[in-house]
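Undergrad: Give me a model of this one.
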Amino acid sequence: MRQINRIAISTGGGDAPGLNAVIRSATLASRNRGWDVVGIRDGFNGLLFPENYPHGGVVPLDRESVRGISHLGGTIIGSTNRGNPTAFPVEQPDGSWVEVDRTDELLARFDEHGIDALITVGGDGSLTIGNHLYRHGLRVIGVPKTIDNDLDKTTATFGFDTAVDFATECIDRLFVTATSHGRVIVVEVMGRYAGWIALHSGMAAGAHCVLIPEIPYELGPVAATIRQREERGARFSIVVVAEGAVPVEGTVSVKGKAIGQAEQLGGIGATVAAELEELTGKEARTVVLGHLLRGGSPTALDRLLGLRFGAAAVRALEEGHDGVMVALNPPTVTYVPLAEATDKMKTVPPDCDTIRTARDLGINFGDRMP
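TA: Reported below is the predicted structural model:
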C-alpha cells in the first residue's frame, strides 16, 4: 500500500443527521496526521460531472471549512441516491435507457486528483459501491449511515437516534389531537425494509398498534384493538406504520420509480387509515412524517457516534486496513469487511425482547387478535 498523502470523503444515499459530524471528525483526524482532505460533491457526481460544479466537484476540506458543523443536519458536500457508477443509466437516441459501468472512468478521476484513499459514508447501496471500488484497486474505508438502522454488523448507525427522537415527539403531539377529537390517527414513518423506527418510536410514544415489514399484518386484529379501546372508554387510537409494511398476501405500497433510483415507497398510511374507517366506523386521519425524519440537528448520541466513526475511519487507514467498514461493537469501534457488512440487512427479529415487551404492553402488530 502506498503512502497516504490525500484522502477523499464521499457521502451518498439519503441524508442523515450526523453526516457533518463524520466529515468534521475525519477531516480533523486526517489533518492532524498531515494528510490533505477533499470532499467529493454529491456522492461521486463531483468526479463524474465536474462541469456541473462552478467551484469544483472536488472541494478541499480543512479546519476552517468544518468548523462548527457537527450540530448541523444534512451534509456540507451534498449527497445523491441516483446514478450508481457501476450501473449508470444512460439515455439512448431512441429514448430507451441502458446501464453503463463507469468504474474505470471513476477510478481514473481519483488518480487525476491524487487521491490515495476514500472514506465513503452511506447505507447498503453506497457501501456496496465502495466494496466494488475496493475490489477494483481503490483503497476504501466505509462508514455506516442510515436512519433506518438496517445495516448489519454494527450495533447502531448514526441518524437513527435522531429519527426516533423526532418521530416520538410527533406521535406525542398527535396523541393530543387524537384524544381531543376521538379519532384514529395513522402515522407513517420511514422504514423501507426494516421497522426499527416504527417499533422504537411507537413504543416510546405509547402507540396502540405498530405495523412493520418484518411482521405481515391483517387489519382485523388492529380494528379489534381499536374497538376494545372504545369499549373501555378510550375513544382514540394511534397506529404507527412503517412505509415498507406489508399486508398478508399483499405487496409494499409503491409511489413510483425514477430512472437510476430504487422504487419510492409510500401511501401505506393512507391505505391503512381508509380501511380502518370501514372496519371500525371511526374517523381516521393520516400523518406522513417522511423526510422530516432525515432533517434537523442530530442528537448528542448521533453527533458522538458520527465523530467516533469519522476518527475510526482515519485510524483504519493509518493502521493499514482496506475494504472494511467501521462498526460499533460496544464499547469499541471495530472493523468488518465491506462484503460482510453489505451481505444482508439487519431487520427486526420478530421474537426479540423489544417486540416481546411491546406485546406485553398490549401493542398489536396486526398478526394476532387482542
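
Undergrad: what separates the residue nearest to residue 182 when sequence neighbours are not counted from residue 168, distance-wise?
TA: In space, and not counting its chain neighbours, residue 182 is closest to residue 235: 3.6 Å by C-beta to C-beta, 6 or more residues apart in numbering. C-beta coordinates here come from the backbone N, C-alpha and C atoms, glycine included. Distance of residue 235 to residue 168, computed by C-beta to C-beta, to the nearest Å: 23 Å.

Undergrad: just checking, the residue nearest to residue 182 is part of a helix?
TA: No - with DSSP: H, G, I helix; E, B strand; the rest coil as the criterion, residue 235 is located in coil rather than a helix.

Undergrad: what about it, distance to residue 224?
TA: Look at residue 235 and residue 224: by C-beta to C-beta, they are 16 Å apart.

Undergrad: Under the pLDDT cut-off, which ranges of the stretch 251-370 of the chain? List them.
TA: In the predicted model, the stretch 251-370 of the chain carries pLDDT under 70 at residues 253-266.

Undergrad: Let me see the ranges of the helices in it.
TA: Counting by DSSP state H, counting those that start in this stretch, one finds helices in the stretch 251-370 of the chain at the ranges 268-280, 300-318, 338-341, 353-360.

Undergrad: Show me what the first one is in contact with.
TA: Residues outside helix 268-280 that contact it (C-beta atoms under 8 Å, 6 or more residues apart in numbering) are 184, 186-188, 211, 219-220, 222-223, 226-227, 230, 239, 241-245, 252-253, 282-288.

Undergrad: Filter these down to the buried ones.
TA: Listed as buried from the contacts of helix 268-280 are 184, 186-188, 211, 219, 222-223, 226-227, 230, 239, 241-245, 252-253, 282, 284-288; burial here means 16 or more other C-beta atoms under 10 Å.

Undergrad: In the chain, which residue sits furthest out from the middle?
TA: For the chain, the largest distance from the centre (C-alpha atoms, centre = their mean) belongs to residue 231, which lies 39.4 Å off.

Undergrad: Would you check how far apart that one and residue 132 are?
TA: From residue 231 to residue 132 the distance is 57 Å (C-beta to C-beta).

Undergrad: and what of residue 47?
TA: Distance of residue 47 to residue 132, computed by C-beta to C-beta: 15 Å.

Undergrad: Now for residue 59, how many residues are close by?
TA: 17 (other C-beta atoms under 10 Å).

Undergrad: Chain neighbours aside, what residue packs nearest to it?
TA: residue 39 (5.1 Å).

Undergrad: do you know which of the helices of the stretch 251-370 of the chain lies nearest residue 78?
TA: Closest of the helices of the stretch 251-370 of the chain to residue 78 is helix 300-318, at 16.9 Å (criterion: C-beta to C-beta).
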